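Trainee: Just need the structure, nothing else, for what follows:
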Amino acid sequence: MRIELIPVIVGAIVCLIGLGLIVDAWTPDDIIVKRERRRRPRIERSRTGEASIGVGVICMGAAFIGRDTWRYSVVAVIVGTLFLLLGAVGNRRYFAQAISNRGALRRRNRPS
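Mentor: Down below sits the predicted model:
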């Protein structure tokens, strides 16, 4: 295997991850998980935001595949960055809850 194929393989894997994000954004949630098991329901994610993150990841994968010889690799990275930022802004409440919310504390009330 030639070393020039490594960016193509990595780019193809990144593009498949982006395609998976797009498919996940547009499939209904009740296909995999039938019932919510949490005490408090999650904030609904922005499907458009998740799809734009997927498009951004695909653009980054295309830039990997194109390497230095593709004329539009810089444009693909810029467009991919914009889509990633738009998706992150669209899902900012979902990300904030996923990062900061640890759930209810399970401590006993101690008598003073």
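
Trainee: Which residue ranges of the protein form helices?
Mentor: Here the chain has its helices, by DSSP state H, at 6-26, 47-66, 73-90, 92-100.

Trainee: Highest mean neighbour count out of these?
Mentor: Compared across the helices of the chain, helix 47-66 shows the largest average neighbour count, a mean of 21 (mean count of other Cβ atoms under 10 Å). (Each C-beta comes from the backbone N, C-alpha and C, glycine too.)

Trainee: circling back to that earlier point, make TSV from the helices of the chain and add mean pLDDT to it.
Mentor: Compiled in TSV, the helices of the chain are given as follows (pLDDT from 0 to 100):
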stretch	mean pLDDT
helix 6-26	93
helix 47-66	94
helix 73-90	94
helix 92-100	83
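
Trainee: Pull up the gap between the spatially closest residue to M60 that is not a sequence neighbour and I53, please.
Mentor: Nearest non-adjacent residue to M60, counting by Cβ to Cβ, 6 or more residues apart in numbering: G80, 4.5 Å away. Separation of G80 from I53 (Cβ to Cβ, to the nearest Å): 10 Å.

Trainee: Kindly report the same for A88.
Mentor: Distance from A88 to I53, by Cβ to Cβ: 7 Å.

Trainee: Then I3?
Mentor: Distance from I3 to I53, by Cβ to Cβ: 30 Å.

Trainee: Assess the claim that F83 and M60 are in contact.
Mentor: No - contact status for F83 versus M60: not in contact, 9.3 Å apart, counting by Cβ atoms under 8 Å.

Trainee: residues touching the residue nearest to M60, list them.
Mentor: By Cβ atoms under 8 Å, 6 or more residues apart in numbering, the contact list for G80 reads 55-60, 62-63.

Trainee: nearest to L19, of the residues you listed?
Mentor: Nearest to L19 out of these is I58 (Cβ to Cβ; 6.7 Å).

Trainee: Disregarding residues adjacent in the polypeptide, which is nearest to that closest one?
Mentor: Nearest non-adjacent residue to I58 (Cβ to Cβ, 6+ apart): G18, at 3.7 Å.
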